[in-house]
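A.B. asks: have a look at this fold, sequence not included:
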């Protein structure tokens, strides 16, 4: 089992490769070879046969040699995040759209030489949906993204489905909820504050809340996200038909509920580190985001999300803070 | 008012340019200049200032000089049809996806030099929908195309919305129903038989019906299609928000109802020219197609379809056959 991870240096990429290294097996076979790729060279995940490469997936031909190695399982996690794709229109389309298309084309071209049908797990996003929408978005609701990032992900879903239908790839897409608590430093995603207001106080630092407490949103912990990806790698895609992308079961919660879970985990002093300071730009962007989903299909296919925000905070304290708060 | 029509040599393109020439005005202004483009040089439509060009829109840079002329209104009708896009994967993506993207990029680049916001009317298709779906597809139903053509059109819709949202173009997309009765010769569209079984008998020729009579589908006459396009050119796009593509009000009918309308218009002898000969490939393709729509939004925006199949046949006899049958 040869696995290629594109976007391996990102937060999800690092956690995924660690989880794969720990498991040692996937799809019933031992992991014999791993190729880790990102725009910067990814850190080692400790595999015996491990290739690590710095590569721009949006450069024509760049992914061709990777696919020539005929990986059995590909995770395509690489993306320019929403804030950056909105600010740099060309870069967003280049990485998020052209990069996906080059990858699919490389797989197709490889298969034209000799039969080849790798499983491709693609991370899409709930940003494919744009307001107005129902309180809970169902499995058949249409994609009307309100960001270029969401547009690029929606196009990626369509391409994945068409290349799968034509028998060029065995694709599955999952629409990741907003990941909380993102470890490390803030990135350019407009959704960063959902993590900041928990992560920073838990480390004894101040954080700014730019929206009101009644804002509702759709969340998954890093642990749940890795769980979705591994389940997508294992799933019998026959069950998907040609509808290859799923909204996975996240957790719907308000910012106020986030904060109350923080209070239960870490007390009033920690919650006091959150400073409310409205940012009209963030307020406007967030008002167009999905709040809740009815993820029936993914649930019926065995995908599992977080049970509560208390669980999300607990897993962060365990995984990132060595069990200690403040 | 300078108008650019891309795909002007096709059936819809010819009828549209004729209608524009007849009207002489659009969006409250006289038509002063027209540029007609297609992969073959379009025929004249009789405008005083008329440029006609043979051009491959999917060649990088090809549309740039057209956009440098800063047309106020652009109709983008050019496409590789469903059957051909399915048979020639590369060609379909090149014309239907890259062609659309080159056009949008050319408009954006022109606007970066000096403010420019042309109205762009894009013909999408009901092929963006794929079974299973409800008996009548609503305005918020998701796009799960079952052809590469449908995929390319769905991507075109997403790009149109994003470029409009960013203020690069004033876009509107309309999902054309299957056009009946297409005049002229059959093209490579798998939907051709819906027209063939009417057009050929009306001219005294045999036609093959490759599916059963209970197949239901979604139709518009060429007259109705031109009406949608002209209405889309005139519409106040503020009313659309960022949801820039509409399913227009077509006519839902079965093949049996088509045939009974033909019988009313032309009698049993003409209906007798239809030979039933099942084609499993066509049956399979058609089974994935939309049957009916609930086009509330387009109706509320003033789009109008055909009242009955009798009307569709009558308009064909008037427009194409000089009033004579058989």
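C.D. replies: Right, received. Where do you want to start? Everything numeric in this text was worked out from a predicted model, so none of it was measured.
A.B. asks: what about the spatially closest residue to residue A:162 that is not a sequence neighbour, neighbour count?
C.D. replies: In space, and not counting its chain neighbours, residue A:162 is closest to residue B:151: 4.1 Å by CB to CB, 6 or more residues apart in numbering or on different chains. (Glycine included, C-beta is placed from N, CA and C.) Using other CB atoms under 10 Å in any protein chain shown, residue B:151 has 30 neighbouring residues.
A.B. asks: contacts only, for residue B:151.
C.D. replies: A:158-159, A:161-162, B:145 (CB atoms under 8 Å, 6 or more residues apart in numbering or on different chains).
A.B. asks: around chain B, which positions in the stretch 201-326 of chain A sit nearby?
C.D. replies: The stretch 201-326 of chain A comes close to chain B at residues A:242-243, as judged by CB under 8 Å from any CB of the partner chain.
A.B. asks: look up which helix or strand the closest residue to chain B within the stretch 201-326 of chain A falls in, please.
C.D. replies: Closest residue of the stretch 201-326 of chain A to chain B, CB to the nearest CB: residue A:243 (5.3 Å). Assigned by DSSP states H and E, residue A:243 falls within no helix or strand.
A.B. asks: I'd like to know how many residues surround the residue nearest to it when sequence neighbours are not counted.
C.D. replies: Spatial nearest neighbour of residue A:243, chain neighbours left out: residue B:144 (5.3 Å); criterion: CB to CB, 6+ apart. For residue B:144, the neighbour count with other CB under 10 Å is 25.
A.B. asks: which residues touch residue B:144?
C.D. replies: Taking CB under 8 Å, 6+ apart, one finds A:161, A:242-243, B:129-130 in contact with residue B:144.
A.B. asks: now do 10 Å
C.D. replies: A:140, A:157-158, A:161, A:165, A:241-245, B:128-133, B:150-151, B:154, B:288 (CB atoms under 10 Å, 6 or more residues apart in numbering or on different chains).
A.B. asks: what about it, which SS state?
C.D. replies: Secondary structure for residue B:144, judged by DSSP: H, G, I helix; E, B strand; the rest coil, is coil.
A.B. asks: what about the helices in chain A?
C.D. replies: Counting by DSSP state H, chain A has helices at residues A:11-23, A:64-68, A:82-87, A:89-92, A:99-113, A:148-165, A:192-202, A:222-234, A:255-266, A:268-271, A:280-287, A:296-300, A:309-320.
A.B. asks: so which of the ones you listed is the most surrounded?
C.D. replies: helix A:148-165 (a mean of 27; mean count of other CB atoms under 10 Å in any protein chain shown).
A.B. asks: what about the residue nearest to residue A:4 when sequence neighbours are not counted, neighbour count?
C.D. replies: Distances taken as CB to CB, 6+ apart put residue A:71 closest to residue A:4, at 3.8 Å, once the chain neighbours are dropped. If you count neighbours by other CB under 10 Å, residue A:71 ends up with 23.
A.B. asks: got the confidence number for residue A:71?
C.D. replies: pLDDT for residue A:71: 98.
A.B. asks: ok, now residue A:176?
C.D. replies: 95.
A.B. asks: please name the residues that touch it.
C.D. replies: A:12, A:77, A:123-127, A:153, A:218, A:220, A:224-225, A:228-229, A:247-248, A:250.
A.B. asks: please repeat the previous calculation with a cut-off of 7 Å.
C.D. replies: Going by CB atoms under 7 Å, 6 or more residues apart in numbering or on different chains, residue A:176 touches A:123, A:125, A:220, A:225.
A.B. asks: ok, what's across the strand from residue A:54?
C.D. replies: residue A:38 (DSSP bridges).
A.B. asks: for chain B, see how far away residue A:85 is.
C.D. replies: Counting by CB to the nearest CB, to the nearest Å, the separation of residue A:85 from chain B is 10 Å.
A.B. asks: isn't that residue right next to residue A:92, touching?
C.D. replies: Yes: when contacts are counted by CB atoms under 7 Å, residue A:85 is listed as touching residue A:92 (2.9 Å).
A.B. asks: need the residues touching each of those two.
C.D. replies: A:148-149, A:152.
A.B. asks: is it possible to get a markdown table of those residues that adds distance to chain B and pLDDT?
C.D. replies: Shown next, in a markdown table, are the shared contacts of residue A:85 and residue A:92 (distance: CB to the nearest CB, whole Å; pLDDT from 0 to 100):
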| residue | distance to chain B | pLDDT |
| --- | --- | --- |
| A:148 | 6 | 97 |
| A:149 | 10 | 95 |
| A:152 | 8 | 98 |
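A.B. asks: circling back to that earlier point, tell me the contacts of the residue nearest to residue A:4?
C.D. replies: A:2-4, A:35, A:118.
A.B. asks: thanks again, I'm all set now.
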